[in-house]
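S.K.: The sequence isn't on hand, but the structure is:
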């Protein structure tokens, strides 16, 4: 099957649009300056991500340790049985979340 001139032009245009859309999406990922930690029995804590520090607290009878550095936050240690929350790693972009289900704790990056 031989491609016609118009087919080649269409393929090139589609590729250019796809590349431009990818660049736009990647360049508009915004780092948040704040995280909201929800834990325990409807408790909430606003966390400024511009200051490096560690936070230790207890939620649902489970001790959790959060680390804030370079504008990102992570569950770095939890006494929960599965430690899945630690696998989220550091999050920093608006809308990203990390959750520790056994501790009933979640961190969400906001503007």
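M.R.: Yep, that arrived. Being a predicted model, the structure only gives us computed values, none of them experimental. Numbering: from 1, shown residues only.

S.K.: in the protein, what spans have low per-residue confidence?
M.R.: Along the chain, segments meeting pLDDT under 70 span 27-32.

S.K.: Show me where it has its strands.
M.R.: For the chain, the strands defined by DSSP state E cover 34-39, 43-48, 53-59, 62-69, 72-78, 97-100, 105-110.

S.K.: could I get those strands as JSON lines with distance to residue 87 and mean neighbour count?
M.R.: Quick note: C-beta positions are derived from backbone N, CA and C, even for glycine. JSON lines is the format used below for those (distance: least, CB to CB, whole Å; neighbours: other CB atoms under 10 Å):
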{"stretch": "strand 34-39", "distance to residue 87": "18", "mean neighbour count": "19"}
{"stretch": "strand 43-48", "distance to residue 87": "20", "mean neighbour count": "12"}
{"stretch": "strand 53-59", "distance to residue 87": "18", "mean neighbour count": "14"}
{"stretch": "strand 62-69", "distance to residue 87": "14", "mean neighbour count": "18"}
{"stretch": "strand 72-78", "distance to residue 87": "9", "mean neighbour count": "20"}
{"stretch": "strand 97-100", "distance to residue 87": "9", "mean neighbour count": "19"}
{"stretch": "strand 105-110", "distance to residue 87": "14", "mean neighbour count": "21"}
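
S.K.: out of these, nearest to residue 16?
M.R.: Set against residue 16 and scored by CB to CB, these come closest in strand 105-110, at 32.0 Å.

S.K.: For residue 6, which residues are in contact?
M.R.: Neighbouring residues of residue 6 by CB atoms under 8 Å, 6 or more residues apart in numbering: there are none.

S.K.: ok, it to residue 16 distance?
M.R.: From residue 6 over to residue 16 the distance is 16 Å, taken as CB to CB, to the nearest Å.
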